[in-house]
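In: My questions concern the predicted model and sequence given below.
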Amino acid sequence: MSAAGATHDEAWFAARAVAGVQRLRAYDPGHDLVALRRRFGAHALVELGSNENPYGPSADARAAILDQLHALHRYPDPRGGDLKRALSARHGVAPERLLLGNGSHELLMLLAQVFAGPGSEVAFSRYGFAVFAIAAQASGAVPRVVEPLPRDAAMPLGHDLEAIARAITPATRLVYLANPNNPTGTWYPGDAFQVFMRRVPEDVLVVVDEAYAELADPAVWSSALPLVACHPNLVVTRTFSKGYGLAGLRVGYLAGAPGLVAVLERVRESFNVNGPALAACEAALGDEAHLRWVAERNAEQRSMLARALRERGLFVFPSQTNFLLVELGPETARIEAALLEQGVVLRPMGGYGLPGCSRITVGTAEENRRLLRTLDDVLGGRR
Ligand SMILES: *Cc1c(COP(=O)(O)O)cnc(C)c1O
């Protein structure tokens, strides 16, 4: 037994995995927060590493979950009909254009599994969302990583839509964009995207991940959702994890052509969104006041925090999200470790190829104050 256990290690199984998975590295979820909460106590820890909504969901969403406790022995509605109708009413997108997922992460994976695969290419920007590379590779496709806009551009390291369009080859099946993007926080304007869509061949699927849509300022950012009806090769993904504050429930959705949704339905796990989650998301959609309140608090705290960090001589990337990418320079790892010792958790960016930067979630006013105070302690006389 022990001999078999020793040989059947990760390398042994990797060699027997499907081609795309053999060289794949698992998604890096950041620090071990469970251990950190145990060490510092959940209330002493300032968690700014995962872009979670510090205000939590609508009270209506909590109530809706309690209301589902009597039905836990039943399978949930496999079609998520009520939630789809609510989403349809909210966005003006027909229910047959909508697919629900166990988080948008699941849907991003599903898209590559179904529409990419061995022999195909999947294009996305360097410093794009980490799941894009994993989804492409896991499907067996070849990732085409496109260089971003330069560091001194108005949108430093943001998506270069022209370069992405140029990177499309006859083998390209899928393009992933994130708008606004994680981890850069950058975004691109709606007119540039319309030009881009006209350049993309109709048999190439364009997936726009709009995880931060609810937190972006409509004066400068626009959604691709209204364009889904004009472009059958356009898919938009959204999530309840960020603006709606329901990351723990794992619900996302996509909007696309009815035919595309029908094909994805063939592979989707039959009860991928659980009953309490369906009910809570429907209730959350109904509480527009809470969402507006969260978006306003976030925008206010985001500009306050960006200003404070810039006053400390740090470069802060532009953001329409609930996080800021900040350049801490060659001392980044030391600074992050020192902050962690004080119970302030940031997200290291080494895995993204940005070792001189850190991604900081915009917290509550109190959390941001603690971050800045601790940062001043750590930076000491450097200022
Ligand atoms: C947080 C995030 C998501 C959300 O993933 P879920 O699986 O819906 O929680 C998707 N895309 C990006 C770019 C994100 O930052």
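Out: That came through, no problem.

In: only C-alpha atoms for contact and neighbour calcs from this point on.
Out: OK.

In: Give me every residue in this protein lying close to the ligand.
Out: Applying CA under 6 Å from any ligand atom, we find that the chain lies next to the ligand at 103-105, 129, 178, 181-182, 209, 211, 239, 241, 247, 250-252.

In: Give me the subset of those residues lying in helices.
Out: The helices in this structure, assigned by DSSP state H, contain 104-105 from these.

In: Filter the residues of the chain next to the ligand down to the buried ones.
Out: Listed as buried from the residues of the chain next to the ligand are 103-105, 129, 178, 181-182, 209, 211, 239, 241, 247, 250-252; burial here means 16 or more other CA atoms under 10 Å.

In: Select the longest helix from the chain.
Out: Looking only at the chain and at elements set by DSSP H, the helix with the highest residue count is helix 288-311.

In: what about it, average pLDDT?
Out: Mean pLDDT, taken over the full extent of helix 288-311, equals 98.

In: What is the nearest of the buried ones among the residues of the chain next to the ligand to Asp191?
Out: Ala178 (15.8 Å; CA to CA).

In: For that closest one, list each beta-bridge partner.
Out: Legend: beta-bridge partners of Ala178 under DSSP bridges are Asp209.

In: Start the count at 186 instead of 1 going forward.
Out: Yes, from this point I'll number from 186; that puts the last item at Ala363.

In: residue contacts, it?
Out: Remark: with contacts taken as CA atoms under 8 Å, 6 or more residues apart in numbering, Ala363 is in contact with 313-314, 372, 393-396.

In: could I get these as CSV with pLDDT?
Out: What follows is those, written out as CSV (pLDDT from 0 to 100):
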residue, pLDDT
Gly313, 98
Phe314, 98
Trp372, 98
Val393, 99
Asp394, 99
Glu395, 98
Ala396, 98
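
In: These into CSV, with extra columns for distance to Ile545?
Out: Putting these into CSV (distance: CA to CA, whole Å) gives the following:
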residue, distance to Ile545
Gly313, 17
Phe314, 15
Trp372, 17
Val393, 23
Asp394, 20
Glu395, 19
Ala396, 17
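
In: between these, which is nearest Gln505?
Out: Once CA to CA is applied, the member of the contacts of Ala363 that ends up nearest Gln505 is Trp372, at 7.2 Å.

In: excluding its backbone neighbours, what's nearest the closest one?
Out: In space, not counting the residues next to it along the chain, Trp372 is nearest to Pro365; the distance is 4.4 Å by CA to CA, 6 or more residues apart in numbering.

In: May I ask you to confirm that Leu510 belongs to a strand?
Out: Yes - judged by DSSP: H, G, I helix; E, B strand; the rest coil, Leu510 forms part of a strand.
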